[in-house]
Every structure is written in C-alpha cells, then in structure tokens.
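Peer 1: Return a 3D structure for these sequence lines:
(one chain, ligands or ions: 1)
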Amino acid sequence: MTGSGAAGPARAPSETVVVSANPELVGTPGAGHVSRGVTLGAGSLVHESAYVDEGAVIGVHSRVWHFAHVMGGAVIGDRCSLGQNVVVMNGVRIGDNCKIQNNVSLYEGVELGDDVFCGPSMVFTNVMNPRSAVSRKSEYRPTYVHRGASIGANATIVCGVTLGEYCFVAAGAVITRDVPAYALVAGVPSRQLGWMSRAGHRMVSDGVDASAADAELLRCPETGERYRRVGGVVSLVETAA
Ligand SMILES: CC(C)(COP(=O)(O)OP(=O)(O)OC[C@H]1O[C@@H](n2cnc3c(N)ncnc32)[C@H](O)[C@@H]1OP(=O)(O)O)[C@@H](O)C(=O)NCCC(=O)NCCS
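Peer 2: Numbering: from 1, shown residues only. Okay, the predicted model is just below:
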C-alpha cells in the first residue's frame with residue numbers, strides 16, 4: 001500500500017486473506033476480538049487483547065499490540081506498528097510503515113501519510129472548543145501529517161493543522177499552527193529551532209545560495225544529503241550517494 005506524498009489516502013491491501021501464522025498472536029474472524037468483516041492483510045498480527053471492529057482494514061505485515069482498539073472504517077497501511085493502548089477511531093487513515101507508540105489515540109479527522117512516527121503518549125485532538133454538553137461532531141477539524149514526519153513523546157497537536165513532510169516535533173511541544181516540511185519545532189507553544197533532515201538530524205548550513213534571494217544550502221551531517229532553503233521553504237536537492 002502506498003499513500004500519496006501528502007497525507008495520502010490509504011488504500012485497501014492487495015492481499016486480504018485472514019492469516020494465523022502465529023495462532024497465539026493473530027486474531028481470526030469471529031474469534032478473539034477481531035470482528036467479522038475485518039480485512040487483515042497477509043502477515044498482519046493482532047494481539048489477542050486488542051479489538052478490531054467490523055469494517056476496519058489492517059495492511060500487510062502490520063501489527064496491532066496489546067489492548068489496542070481499531071474501530072470500523074479505520075484504514076491502516078502496510079508494515080505499521082500500533083503499540084499498547086493505541087486507539088484508532090472510525091475514518092482515520094494511516095499510510096504505510098507508520099510507528100504509533102504506546103498510548104496514542106488517533107481521533108476522527110486525523111490522517112497520516114507514509115513513514116510517520118508518533119512518539120509515546122503524544123496527543124491528537126479534533127475539537128477546538130469542546131464542551132461536554134455541546135455536540136460538536138460536525139465541527140471536527142482535520143489534522144494532516146505528511147510523509148516522514150516525527151512527533152516526539154508527549155507532544156500535543158491542536159486540531160486543524162498540517163504537519164509538513166519530514167518535519168520534527170520535539171518532545172512535549174504544543175503545535176498550534178502548520179509546521180513546514182523539514183522544520184524542527186519545540187516548546188509551548190512551539191517555535192522553530194531549525195531544519196531536520198530526512199534521516200532525523202539537524203541540517204547544517206553549506207552557505208548562501210546566491211541564485212535566489214534569502215536562499216541557503218543545507219546538508220544532513222550524517223547522510224550528506226543536500227537541501228535548499230528559499231525563505232521558509234526547504235526542499236531536497238540531492239539524495240545521498
Ligand atoms: C528536539 C530534539 C530532537 C532536539 O535534539 P538536539 O538537536 O540534540 O537538541 P539539543 O539537545 O542540542 O538542544 C538544543 C536546544 O533545544 C532545546 N530543546 C531540546 N529538546 C527540546 C524539547 N523537547 N522542548 C523544548 N526545548 C528543547 C534544548 O534545551 C536546547 O536549548 P538551549 O540551546 O537553550 O540550551 C530532542 O530534544 C527531542 O525532543 N527528541 C524527541 C525525543 C522523543 O520524543 N522520542 C520519542 C521516541 S522514544
């Protein structure tokens with residue numbers, strides 16, 4: 001399964017057989033807590049303590065660990081890992097190869113692209129001004145997390161924002177506005193500290209790029225990948241050899 005470069009709609013896995021490679025770990029339809037009508041991709045695992053509701057799609061080789069709950073209508077890509085106590089609500093779409101660490105809830109309106117990392121106990125939201133006595137189900141604000149983004153432990157994402165590809169949200173940050181691609185942001189409310197490479201290292205400057213105003217060449221100190229910043233926009237110009 002391949003999400004788009006943006007948040008990317010997840011699509012149904014090509015193989016939709018229900019597998020039981022390890023009977024102790026894998027749910028079967030009508031047994032354990034995997035409802036009938038769940039699509040489990042080949043090689044996927046659902047721990048016996050997890051619940052997967054009717055209509056959910058779990059991609060190939062994805063793993064749903066202890067006490068997790070995936071609701072009907074959720075679509076999870078291939079090779080994802082959903083840690084302990086993760087909740088994925090109806091309508092949430094998760095791309096391929098995402099790692100959702102323990103205690104994360106993905107509420108309606110959240111959409112993750114491929115390769116997204118959600119650190120332990122980070123928090124998504126979907127209502128801006130909740131009141132217990134007022135129904136705001138028609139007012140959910142979407143949160144889009146684009147390919148390759150990482151969200152640190154205990155960070156909070158206030159709904160209605162877009163996290164750009166490969167951005168990096170520091171542990172404990174509170175995000176109240178969009179985060180540009182490759183930006184490293186931290187604090188409450190978050191502020192930008194710098195730029196983060198695809199490999200997850202602070203980019204270093206290779207000097208001014210004279211070909212445009214307010215332009216700079218950047219490099220990943222680990223991989224050597226080169227990037228270009230023009231104003232507040234960073235893009236990859238050369239992948240590592
Ligand atoms: C954001 C992060 C990548 C920064 O790492 P770094 O580039 O090595 O940064 P440094 O440790 O050199 O810190 C640089 C500055 O940012 C500050 N800073 C670092 N992390 C911060 C955070 N989470 N919140 C606020 N400020 C932070 C430091 O205090 C330091 O400030 P100073 O220059 O005033 O002293 C890292 O601190 C972080 O939060 N990683 C996420 C860890 C995580 O949640 N993992 C989940 C999987 S277990």
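Peer 1: Could you look up the SS state of the residue of the chain positioned farthest from its centre?
Peer 2: Using Cα atoms, centre = their mean, the residue of the chain lying farthest from its centre is Ala210. It sits 35.9 Å away. Counting by DSSP: H, G, I helix; E, B strand; the rest coil, the backbone at Ala210 sits in coil.
Peer 1: Can you pull up the residues of this structure that come close to the ligand?
Peer 2: For the chain, the residues in contact with the ligand (Cβ under 6 Å from any ligand atom) are Gly119, Pro120, Gly152, Ala153, Ala170, Ala171, Gly172, Ala186, Gly187, Leu193, Arg202. All C-beta spots, glycine's among them, are computed from the backbone N, C-alpha and C.
Peer 1: okay, these in TSV with neighbour count next?
Peer 2: TSV is the format used below for those (neighbours: other Cβ atoms under 10 Å):
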residue	neighbour count
Gly119	21
Pro120	16
Gly152	18
Ala153	16
Ala170	19
Ala171	14
Gly172	16
Ala186	18
Gly187	12
Leu193	15
Arg202	15
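Peer 1: Which of the residues you listed fall in strands?
Peer 2: Judged by DSSP state E, strands contain the following of the residues of the chain next to the ligand: Ala186, Leu193.
Peer 1: Farthest pair within the residues of the chain next to the ligand?
Peer 2: Pro120 and Arg202 (22.2 Å; Cβ to Cβ).
Peer 1: Wasn't Tyr227 part of a strand?
Peer 2: Yes - checked against three-state DSSP, Tyr227 lies within a strand.
Peer 1: before we move on, back to that, need the per-residue pLDDT for the residue farthest from the centre of the chain.
Peer 2: Listed pLDDT for Ala210 reads 93.
Peer 1: For it, which residues are in contact?
Peer 2: Not one residue lies near Ala210 by Cβ atoms under 8 Å, 6 or more residues apart in numbering.
Peer 1: just His69 next, same as before
Peer 2: Neighbouring residues of His69 by Cβ under 8 Å, 6+ apart: Ala50, Tyr51, Val52, Asp53, Val86, Val87, Val88.
Peer 1: Help me confirm that the first one comes into contact with Arg63.
Peer 2: No - the pair formed by Ala50 and Arg63 falls short of the contact definition of Cβ atoms under 8 Å, at 9.6 Å.
Peer 1: Look at those two and report which has more neighbours.
Peer 2: Here Ala50 and Arg63 are compared on neighbour count by other Cβ atoms under 10 Å; more neighbours surround Ala50, at 24 against 19.
Peer 1: Distance-wise, check the more buried one relative to Met71.
Peer 2: 12 Å (Cβ to Cβ, to the nearest Å).
Peer 1: now do Ser121
Peer 2: With the distance defined as Cβ to Cβ, Ser121 ends up 20 Å from Met71.
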